[in-house]
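Colleague: requesting a structural model of the entry that follows:
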Amino acid sequence: MQSAAKVGLLLVVFVGLLIGGYAVLGKNLFGAKTDVYYVDLSDAGGVSEGTSVLIAGVNVGSVTAIKLLSPKRAELKLDLVKGVKVPVGSVVQLPTSLIGFGESPVNIVPPDKATSAMLSPG
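Modeller: Modelled structure (predicted):
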């Protein structure tokens, strides 16, 4: 009977440490709610999984997958925070520099003219 209580206590402590570890690392144990968007590009150079996605300089998500569609086309899968609105006519820009230090985020740039139409996820 005592050994069963020790195993149960050890299990409770382990689960508590696991949840605490995720909290310290800033990760959500059950995953954040996101909306998925796909981007078709002719060149996805410099982008890797985990790259930040910005709208107006604000981090709204990340690149979760990169897939080669054809020899001249690549597809990015973007997971954006649930509820983030992407206006119709927005374009994706991949900033480049001569010196490749650090991460270059993927920027979503809305159209110049304000629009009330929004892209639907997927």
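Colleague: okay, buried residues for the strand ranked longest in the chain please.
Modeller: Taking DSSP state E as the criterion, the chain has its longest strand at strand 58-70. Buried residues in strand 58-70, defined by neighbour count with 16 or more other CB atoms under 10 Å: 60-63, 66. (Each C-beta comes from the backbone N, C-alpha and C, glycine too.)
Colleague: export stretch 15-27 to CSV, keeping only CA atoms.
Modeller: The C-alpha coordinates for stretch 15-27 follow below in CSV (Å, rounded to 0.1, in the frame of the first residue of the first chain):
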residue,chain,number,x,y,z
VAL,A,15,3.1,16.1,-14.0
GLY,A,16,3.6,19.3,-12.0
LEU,A,17,7.2,19.7,-13.2
LEU,A,18,6.2,19.1,-16.8
ILE,A,19,3.5,21.8,-16.7
GLY,A,20,5.9,24.1,-14.9
GLY,A,21,8.6,23.5,-17.5
TYR,A,22,6.2,24.4,-20.3
ALA,A,23,5.2,27.6,-18.5
VAL,A,24,8.8,28.6,-18.0
LEU,A,25,9.6,28.0,-21.7
GLY,A,26,6.5,30.1,-22.7
LYS,A,27,4.8,27.2,-24.5
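Colleague: tell me the gap between it and the middle of its chain.
Modeller: Relative to its chain's centre, stretch 15-27 lies at 20 Å (CA atoms, centre = their mean, to the nearest Å).
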